[in-house]
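# coords please:
(one chain, ligands or ions: 1)
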Amino acid sequence: MINIVGLGPGNIKLITDKGKAAIAQSDVLIGGKRNLQSLEEMFTGETLEIGNNLKEILQFIKVNYLNKEITVVASGDPMLYGIGKYLSEQLEEGSFEIISGISATTYMFSQIPMNMNDVYITSSHGKIPNFPFILAHEKVAMVTDDKIGPYEIAKEIIKSGLNKMMWIGENLSYDNERITKLRPEEVLETENYEMNVVVIVDEK
Ligand SMILES: C[S@@+](CC[C@H](N)C(=O)[O-])C[C@H]1O[C@@H](n2cnc3c(N)ncnc32)[C@H](O)[C@@H]1O
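Presented below is the predicted three-dimensional model:
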């Protein structure tokens with residue numbers, strides 16, 4: 001069997017009991033470096049690190065899943081800008097179970113706190129976001145990468161002339177979590193932000 005487990009935003013206390021049970025029963029644990037490191041005390045069996053080797057990982061899973069319990073761990077929720085999309089499209093129906101986790105995005109909204117009704121959720125990973133479309137929404141949540149993050153988003157908001165407020169959630173759920181509410185002009189005072197989710201809301 002193949003399990004695809006969402007680990008939540010990072011703090012291992014936020015992994016669901018069902019996710020923990022799947023990890024504990026696994027013969028092989030597959031995941032990104034940060035995720036595997038976070039489980040070092042919980043899992044001491046065979047691990048495979050995901051890097052630029054997704055095709056090889058997929059092949060390994062296909063060859064081994066009938067005689068090994070394989071768990072792929074993903075940050076947050078696997079089906080929200082995570083590996084769940086790719087694996088669920090590539091693996092045979094019925095061969096896998098997806099165990100949902102708390103997304104960094106939903107965690108962020110609980111900490112602000114702000115309701116998620118009508119939020120437009122998007123990502124800047126590996127693409128140039130369509131800012132005119134994104135900023136037309138009253139409430140947006142964006143997971144970011146190291147190319148397009150809070151600084152670049154703030155510049156786009158200022159360029160648009162729209163009146164928006166930004167919340168930046170860095171290292172969510174970790175000891176060094178930092179959540180700041182800033183105007184775009186204030187965001188530009190810092191160039192580099194750590195791993196973050198950005199919420200952008202219309203100022204009334
Ligand atoms: C590929 S996406 C995965 C999102 C994940 N599936 C989820 O549901 O949270 C990775 C991005 O999620 C955000 N992220 C994940 N964990 C985070 C955390 N603990 N604190 C802040 N942002 C986080 C960052 O924007 C990071 O670049």
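# How many residues are close by the closest residue to Tyr86 other than its chain neighbours?
Residue nearest to Tyr86 in three dimensions, not counting chain neighbours: Leu54, with 6.9 Å by Cβ to Cβ, 6 or more residues apart in numbering. (C-beta placed from N, C-alpha, C; glycine too.) Leu54: 13 surrounding residues under other Cβ atoms under 10 Å.
# And for Val5?
29.
# Quick check: phi and psi at it.
Backbone geometry at Val5, expressed as degrees, to the nearest 10, gives phi -110, psi 130.
# Before we move on, what's the pLDDT of the residue of the chain positioned farthest from its centre?
No residue in the chain sits farther from the centre than Asn67, which is 30.0 Å out by Cα atoms, centre = their mean. At Asn67, the model reports a pLDDT of 96.
# which element is it on?
If you go by DSSP states H and E, Asn67 is not part of any helix or strand.
# Relative to the ligand, how far out is it?
Applying Cβ to the nearest ligand atom, to the nearest Å, the value for Asn67 to the ligand is 29 Å.
# cool, Pro132 as well?
Taking Cβ to the nearest ligand atom, one finds Pro132 at 22 Å from the ligand.
# how deep is the residue of the chain found nearest the ligand tucked in, by neighbour count?
Residue nearest to the ligand within the chain (Cβ to the nearest ligand atom): Gly76, separated by 2.0 Å. Neighbour count of Gly76, defined by other Cβ under 10 Å: 25.
# Check the offset of the helix-or-strand element of the chain with minimal mean pLDDT from the chain's centre.
Scoring the helices and strands of the chain by mean pLDDT, DSSP states H and E places helix 33-38 at the bottom, with a mean of 95. In terms of Cα atoms, centre = their mean, to the nearest Å, the centre of helix 33-38 is found 14 Å from the chain centre.
# How far off centre is the next helix or strand after that helix?
Downstream of helix 33-38, the first helix or strand assigned by DSSP H and E is strand 46-49. Centre-to-centre, strand 46-49 and its host chain are 20 Å apart (Cα atoms, centre = their mean).
# Likewise for stretch 112-122?
Using Cα atoms, centre = their mean, the offset of stretch 112-122 from its chain centre is 15 Å.
# List the buried residues in it.
119, 121-122 (16 or more other Cβ atoms under 10 Å).
# count of neighbours near the nearest residue to Lys68 once chain neighbours are set aside?
Among residues not flanking Lys68 along the chain, Asp27 sits closest, at 4.2 Å (Cβ to Cβ, 6+ apart). Residues contacting Asp27 under the criterion other Cβ under 10 Å number 12.
# next one: Asn35
Neighbours around Asn35, by other Cβ under 10 Å: 19.
# I'd like to check which residues are in contact with the nearest residue to Tyr174 once chain neighbours are set aside.
Distance criterion Cβ to Cβ, 6+ apart; nearest residue to Tyr174, sequence neighbours excluded, is Gly10 at 5.3 Å. Neighbouring residues of Gly10 by Cβ atoms under 8 Å, 6 or more residues apart in numbering: 34, 38, 75, 104, 171-174.
# Surely Gly10 is in a strand?
No - read with DSSP: H, G, I helix; E, B strand; the rest coil, Gly10 is coil and lies in no strand.
# Tell me the spacing between it and Glu186.
26 Å (Cβ to Cβ, to the nearest Å).
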